[in-house]
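K.L.:
Task: produce atomic coordinates for the following.
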Amino acid sequence: MSSTVLKAVGAAITILGIIFIVYVLYDGAANGTIGEAGKINTDAWLTLLGWFFILIGPALWFGETPVSIKKKLKR
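P.N.:
Just a heads-up that it's a prediction; the model follows:
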């Protein structure tokens, strides 16, 4: 994959993750709760995907690798 495509995918994933988290927080504030006891609903999935996208997206977008991983790979 070219770096331009990875940057575009990373940007899209990051923006989508931010939208998911903002939606879940807004929905929680509007309803007074996030999710329901005993049920797995869209709030839980969107929270999980949102945080995952926020963690992975910038790495693809900016192409940065954490320093600890770089050190291990150079050994």
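K.L.:
Now for residue 63: which residues touch it?
P.N.:
Taking Cβ atoms under 8 Å, 6 or more residues apart in numbering, we find residue 63 in contact with 3, 6-7. The way it works is simple: take the backbone N, C-alpha and C, and place the C-beta from them, glycine included.
K.L.:
lowest confidence element among the helices and strands of the protein?
P.N.:
In the chain, the helix or strand scored least confidently by mean pLDDT, DSSP states H and E is helix 67-74, which has a mean of 70.
K.L.:
Skipping its backbone neighbours, what lies nearest the most centrally placed residue in the chain in space?
P.N.:
For the chain, residue 53 is the residue whose C-alpha lies nearest the centre (Cα atoms, centre = their mean; 1.9 Å). Once flanking residues are discounted, residue 53 sits nearest to residue 17: 2.9 Å by Cβ to Cβ, 6 or more residues apart in numbering.
K.L.:
what pLDDT does residue 33 get?
P.N.:
Reading off the confidence values, residue 33 has pLDDT 71.
K.L.:
Now for it: which residues touch it?
P.N.:
By Cβ under 8 Å, 6+ apart, residue 33 lies in contact with nothing.
K.L.:
Also residue 30?
P.N.:
Not one residue lies near residue 30 by Cβ under 8 Å, 6+ apart.
K.L.:
For the strand or helix carrying it, what is the distance to the chain centroid?
P.N.:
Secondary structure assignment for residue 30, by DSSP states H and E: helix 3-31. The chain centre lies 6 Å from the centre of helix 3-31; the measure is Cα atoms, centre = their mean, to the nearest Å.
K.L.:
can you check stretch 42-60 too?
P.N.:
Mean-position distance between stretch 42-60 and its chain equals 2 Å (Cα atoms, centre = their mean).
K.L.:
Can you list the buried residues in it?
P.N.:
43, 46-47, 49-50, 53-54, 57-58, 60 (16 or more other Cβ atoms under 10 Å).
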